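In: Just to be clear, the model below is a prediction. Sequence and coordinates:
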Amino acid sequence: MGDFKHVLLLGTGPATIQLAVNLKKCWDCRIAIVGRESVRSESFFDSIKQSNQRIRVSIQNEKHRAMEGECFVDHVFKGYETITGEWDTLIFAVTTDAYIEVLKQIDPKLLRKVKSMLLISPTLGSNSLIRHYMNDYNPSTEIISFSTYFGDTRWMHARPTNHALTTAVKKKVFIGSTKYPSPNVEELCKAYKQLGIAIDIMESPIEAETRNISLYVHPPLFMNDVSLSTIFGDRETKKYVYKIYPEGPITPLLIREMLAHWKEIMNIISKLHIKGINLLKFMTDDNYPVRLESLSRHDIDNFPTFETIHQEYLLYIRYTSLLIDPFSEPDKDGKYFDFSAVPIRKMFINREGDLDIPRMPKEDYYRLKIIQGIAKFIDSSCPTIDKFILTYENKLEEVVQSHKEIRLSAAFAVQSFEEDLNRICNEIGKYLKA
């Protein structure tokens, strides 16, 4: 079972509950959960205590039965500075912008004995970030990046408790490690296979990190006037992430910017000597398919070779083909499942009483700033990415000016993420010289 005898899960979100249940089922290892003390996590810790550290995962779809289960957590720590004992593996189930903040709170003595670290939902450069930090404590630690979390898991009830619900599971994820080949990666592949998930092993962690569809579609879908006006505006009218304008943000211009955004990232990863991806193939084969009557195999496979206007047309067809779930069963009136009706979430008052920004686009802002910083470091032009960031930061400043009477969360600050970028670029510099 590799380095998975004593596992410490960092974070108190619903994905942590799912991961803990999976780990106990696959390896029957010793497991601990740790998170920061906050108003939000208080109900989680209370619920765990009341259940005598028993946690539970339910499923929405019978075909995901492998994800269902319950188990006991061996240890629960309130606050990263309170962790005791020795742990073989740390699993990061916190947002990518919090990685270093979390590590700084953990006792260095503990870090020096850690054998491996798993990044469950990293972004481009996250592995380099952790590797740079760990160079001062334990350079031999294996750091493994997944492309993304393997499912959609949420709280069973409105507030955080000991009970999570998994509503969707990916068919495939990608993985890359600082060690190649890696016995730990082989163990993870076996475990994921038991869960019905295939793993593609990449030659490097950063290559796995490029295989996350959110990198390519979230910025254009959220950092535009329609989506930002919905997120930060006062109007109650709903808009939907994947719908065509005016129900959602998708227009020919958005598709043009999505394509340009993908090409800019391809230029960046090419300079990092990483194999690029066929965006349309990645969308359809590795994420959600459409019927061949809508997009032919020839169009999908040859997408990178087409003229720009042809590529834009095919991307637009892809999104219009997913307005409904093309593989759902129609009802008696011929209506298919309204697949694209994912509401754009509005800003909200968080449990600390501050006005806050939804995870999308808050996490995408960090992702984009890191990519922009990497592009600048390797001298790769990215005008579309620059535009997305400028549009978002202008909106943040506008909201701050118009909400002076309300307490705002830290997410409303325009940020450089300079420390993280310096660490990432330092590691990338070593990689490029090697």
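Out: Here it is on my side, so go on.
In: who's the closest residue to residue 87 other than its chain neighbours bridged to?
Out: Taking CB to CB, 6 or more residues apart in numbering as the measure, residue 87 lies nearest to residue 8, with 4.1 Å between them; neighbours along the chain are not counted. C-betas here are computed from N, CA, C, even on glycine. With DSSP bridges applied, residue 8 shows beta-bridge pairing to residue 32, residue 90.
In: Contacts only, for residue 8.
Out: 31, 32, 33, 34, 83, 87, 89, 90, 91 (CB atoms under 8 Å, 6 or more residues apart in numbering).
In: Name the SS class of the nearest residue to the fifth one once chain neighbours are set aside, please.
Out: Leaving aside its sequence neighbours, residue 83 sits nearest to residue 77 (CB to CB, 6+ apart; 5.0 Å). Secondary structure for residue 77, judged by DSSP: H, G, I helix; E, B strand; the rest coil, is strand.
In: Tell me how far residue 77 lies from residue 92.
Out: Plainly put, residue 77 is 15 Å away from residue 92 if you go by CB to CB, to the nearest Å.
In: Give me the more crowded residue out of those two.
Out: Using other CB atoms under 10 Å, the more surrounded residue of residue 77 and residue 92 is residue 92, with 23 against 17.
In: Correct me if wrong: the more buried one contacts residue 11.
Out: Yes - using CB atoms under 8 Å, residue 92 is in contact with residue 11, at 7.2 Å.
In: Correct me if wrong: residue 2 contacts residue 184.
Out: Yes - under the criterion of CB under 8 Å, residue 2 makes contact with residue 184 at 4.3 Å.
In: which neighbours do those two share?
Out: Common neighbours of residue 2 and residue 184 (CB under 8 Å, 6+ apart) are residue 116.
In: okay, the two: which has more neighbours?
Out: residue 184 (22 against 19).
In: where's the more buried one relative to residue 232, distance?
Out: Taken as CB to CB, the span from residue 184 to residue 232 is 43 Å.
In: any chance you could map the strands in the stretch 301-434 of the chain?
Out: 348-349, 355-356 (DSSP state E, counting those that start in this stretch).
In: What is the first one packed up against?
Out: Read that as strand 348-349. Strand 348-349 sits against strand 355-356, with contacts defined as 3 or more CB pairs under 8 Å, 6 or more residues apart in numbering; DSSP states H and E.
In: What mean pLDDT does the host helix or strand of residue 228 get?
Out: Residue 228 belongs to helix 225-232 when assigned by DSSP states H and E. In this model, helix 225-232 has an average pLDDT of 97.
In: and it, what other elements does it pack with?
Out: By 3+ CB pairs under 8 Å, 6+ apart, helix 225-232 packs against helix 213-222, helix 359-377, helix 383-402.
In: at 6 Å what do you get?
Out: Where contact means 3 or more CB pairs under 6 Å, 6 or more residues apart in numbering; DSSP states H and E, helix 225-232 is packed against helix 383-402.
In: Specify the angle between the helix it packs on and helix 213-222 in degrees.
Out: Here helix 383-402 runs at an angle of 60 degrees relative to helix 213-222 (axes from the mean of the first three to the mean of the last three CA atoms, to 10 degrees).
In: quick check: angle from helix 383-402 to helix 225-232?
Out: Going by the same axes, to 10 degrees, helix 383-402 makes 30 degrees with helix 225-232.
In: ok and helix 383-402 relative to helix 359-377, angle-wise?
Out: 130 degrees.
In: Three-state assignment for the residue lying closest to residue 186 once chain neighbours are set aside, please.
Out: Excluding its sequence neighbours, the residue lying closest to residue 186 (CB to CB, 6+ apart) is residue 2, at 7.9 Å. Using three-state DSSP, the structure places residue 2 in coil.
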